[in-house]
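> Any chance you could fold what I've pasted below:
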Amino acid sequence: MKSILLSLSFFLFINAEAQKFSLTSRANMNTAAGEQIGKFKNAYGLGVGLEIPVKKASPLKLMVNVDAGNNGMKSEPYEFEFRNVITKTSIDYSSNILELTTGLRYVFNESKSFKLYTGLSTGMLRYKTGYVIEDPEDSDGCHPLEAEKIQADKSFIGKVEGGLRFASPWDIGVTKSILFDIGVTYKVGTLAEFMRLTNKLSAEGIDYVTKFQTPTNEVHEHAIGKIYNTPVNQFGFHFGVILPFGF
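Below is the predicted model of the structure:
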């Protein structure tokens, strides 16, 4: 995060005289590719960004982006068996990703109504999953000893992008016309762990277990999900709005 802020300050400094920049906002979806297929669930979210020309009227832009998405949020029913006793409970969980990236973007035919663009960026992707295990429905059932927990890890990523921008008929007065943006990204990154909570445990992945205790104080473990340790390999799709200022 600190490196992103330093880069942003540098971009603003070298472009102070031009006073040109664009603010971007977008809805996005990330989906698994390569080794992450079948392990990483689709993440849907929002992103914002800042884009500044390298030089006055240059088609080459410096960019800083923040994107967030959610790939799981619900209450999942569970049944655990220990010494022929069935415990029924539920787990409330939420799984998210967060990306912080900076890089360069080149916009072709910038003076035209339809503008193709491509870009390269690097940064960080963070996985974060939190859960709360509810008390069992039956007082004779197993009680969780670790009822609340957060599992998180991060990956350093590189991302390539391409897309199309086109002018809208709207003009808010302080900018040129608002632009629409449709784009695709492909990103790869270093190994990182992420968790999927599921009561349908398959053979893939490593069991994620947590401790429970019976009314007679016997401590034992139950699997509540899977841990995957994979390199980041994802496609992204987005639709956004761009507000150019100072042009």
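> Now do the SS call for the residue lying farthest from the centre of the chain.
What lies farthest from the middle of the chain is residue 216; by Cα atoms, centre = their mean that is 42.7 Å. Secondary structure for residue 216, judged by DSSP: H, G, I helix; E, B strand; the rest coil, is coil.
> so what pLDDT did it get?
Confidence at residue 216, expressed as pLDDT, is 88.
> Kindly report the same for residue 19.
Residue 19 is given a pLDDT of 55.
> residue nearest the centroid of this structure?
Short answer for the chain (Cα atoms, centre = their mean): residue 97, at 3.0 Å.
> Give me the helices and strands touching the helix or strand hosting that residue, please.
Assigning secondary structure by DSSP states H and E places residue 97 in strand 85-107. Applying 3 or more Cβ pairs under 8 Å, 6 or more residues apart in numbering; DSSP states H and E, one finds that strand 85-107 contacts helix 2-14, strand 43-53, strand 60-82, strand 114-133, strand 148-167, strand 179-197. All C-beta spots, glycine's among them, are computed from the backbone N, C-alpha and C.
> tell me, which of those is the model least confident about?
helix 2-14 (a mean of 49).
> next one: stretch 145-162 to chain centre, how far?
8 Å (Cα atoms, centre = their mean, to the nearest Å).
> Which strand in this protein has the most residues?
strand 219-245 (DSSP state E).
> What residues of stretch 206-220 count as buried?
Neighbour counts over stretch 206-220 (16 or more other Cβ atoms under 10 Å) mark 208, 210, 212, 214 as buried.
> circling back to that earlier point, what lines up beside the strand holding residue 97 in the sheet?
Strands that pair with strand 85-107, judged by DSSP bridges, come out as strand 60-82 (antiparallel), strand 114-133 (antiparallel).
> the inter-axis angle of the shortest one versus strand 179-197?
Here strand 114-133 runs at 30 degrees with respect to strand 179-197, directions being taken by axes from the mean of the first three to the mean of the last three Cα atoms, to 10 degrees.
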